[in-house]
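**Q** make a model of this:
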Amino acid sequence: MWAAALGLSLAPARARGDDPRARRELFFGLAVGGGVAWTEHPEVSTDPRAGVTWDIVFGWRLAERWALSVALTTWQTTFLGTPYHLHTLAPRVELNPLGREGPFLLGGFGLGMVDGDVSKRAGLAVTSAAGWRWGLGRGVTLSAQAGILAQWDVLFGDGGRAVEPFGALELRFHGRIVP
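**A** Below you'll find the predicted structure:
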């Protein structure tokens, strides 16, 4: 199914009957959800912990079916009374096979940060998700998505890692660049 959607998204816009004026737009989104993180860290228990996930995203729809964005994602919980955060700052690519509304896939690669313990950690992060987006009105969409976020501590070399499957709802505001 996704292979067919990818093929459709790569077909020329004129062949699909797309309106070129409707493709280019900026967007801003806010998401909230939950996830469970498994961490491997020298100072924190490795037991799975449930937490709250939130996301702020700024992006640009390049074409009817493709978008680029930058997202700041945070997962938050408490270990022994101390707030513990996993942050990710990553550029993302989004494929929307049917246009702005409908199914979507996204993936990104960027910087991962751990905050809330005695020492701070930084490294690499990768994220991917799939979901469905609905139009709520002119320039506003709501999406439900499920995905996974992973981080590796490569800067400090102590082998810290985290994996977090998540689910979230995102409210997104769209604005056209060219009238």
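**Q** phi, psi of residue 96?
**A** Recorded main-chain torsions at residue 96 are phi -120, psi 90, according to degrees, to the nearest 10.
**Q** verify the stated contact: it with residue 131.
**A** No - with contact taken as C-beta atoms under 8 Å, residue 96 and residue 131 are classed as non-touching, separated by 10.3 Å. Bear in mind the C-beta positions are built from the backbone N, C-alpha and C, glycine included.
**Q** quickly list what's touching both of these two.
**A** In the contact map built from C-beta atoms under 8 Å, 6 or more residues apart in numbering, the residues linked to both residue 96 and residue 131 are 103, 104.
**Q** helices of this structure, start to end?
**A** Remark: helices of the chain, listed N- to C-terminal, are 2-10, 13-16; assignment by DSSP state H.
**Q** more neighbours: which of residue 96 and residue 131?
**A** Shown here are residue 96 and residue 131; by other C-beta atoms under 10 Å, residue 96 has more neighbours (21 against 18).
**Q** need the contact list for the more buried one.
**A** The contact partners of residue 96, by C-beta under 8 Å, 6+ apart, come to 9, 64, 65, 66, 67, 102, 103, 104, 133.
**Q** dump those residues to TSV, plus neighbour count.
**A** Output for those, formatted as TSV (neighbours: other C-beta atoms under 10 Å):
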residue	neighbour count
9	17
64	20
65	25
66	15
67	22
102	16
103	16
104	22
133	21
